[in-house]
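Colleague: Next input, structure requested:
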Amino acid sequence: MDWSSRLTGVCNQMSEITIGRPDSDPILPMEIRHDVDEIIFDGEVEQNYNFLDYRFERQGAHCHARTYLDDVDTVSVNGPFSDRDSEDEIDAPEFFEDVLSYLKRRFLIIDAPGDSGYDTIWKHPDFK
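Modeller: Residues are numbered from 1 along each chain as shown. Next comes the predicted model:
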């Protein structure tokens, strides 16, 4: 029996697998940007931040989220804001819940600004 016959036999016995589609999310980012910030002191790299930024927008509401690639289980979300470049928060609970829904499918921990830094606002139930 050759390899292709073996694979066909295995594939014929497999169960149906459903793979999520982009339309499974209530919202998609308008932009995902990969960037690196470096703090250089006396010609030496003192700190290096490798991250992905996500930008969401709908009907005048804006949110942004960031994950650092050395901690890809966690994302920090900010907003909703009235403008892409504004820090003026607005009331847009449905929009924010849609952003959280998108992030929950991809991350184990979601943080947001709190009284003294960032606080965890959601943690995947299986995350210890």
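Colleague: in a helix, that's where residue 94 is, yeah?
Modeller: Yes: under DSSP: H, G, I helix; E, B strand; the rest coil, residue 94 sits within a helix.
Colleague: measure it to residue 56 for me?
Modeller: As defined by CB to CB, to the nearest Å, residue 94 lies at a distance of 12 Å from residue 56. Backbone N, C-alpha and C define where each C-beta goes, glycine included.
Colleague: Which one of the two is surrounded by more residues?
Modeller: Using other CB atoms under 10 Å, the more surrounded residue of residue 94 and residue 56 is residue 56, with 23 against 13.
Colleague: Three-state assignment for the more buried one, please.
Modeller: Assigned with three-state DSSP, residue 56 falls in the strand class.
Colleague: Which pLDDT value goes with the nearest residue to it once chain neighbours are set aside?
Modeller: Nearest non-adjacent residue to residue 56, counting by CB to CB, 6 or more residues apart in numbering: residue 63, 4.5 Å away. Among the per-residue scores, residue 63 holds a pLDDT of 97.
Colleague: How about the contacts made by the residue sitting nearest the centre point of the chain?
Modeller: Residue closest to the mean C-alpha point of the chain, counted by CA atoms, centre = their mean, is residue 103 at 4.5 Å. Residue 103 makes contacts with 54, 65, 75, 77, 110, as judged by CB atoms under 8 Å, 6 or more residues apart in numbering.
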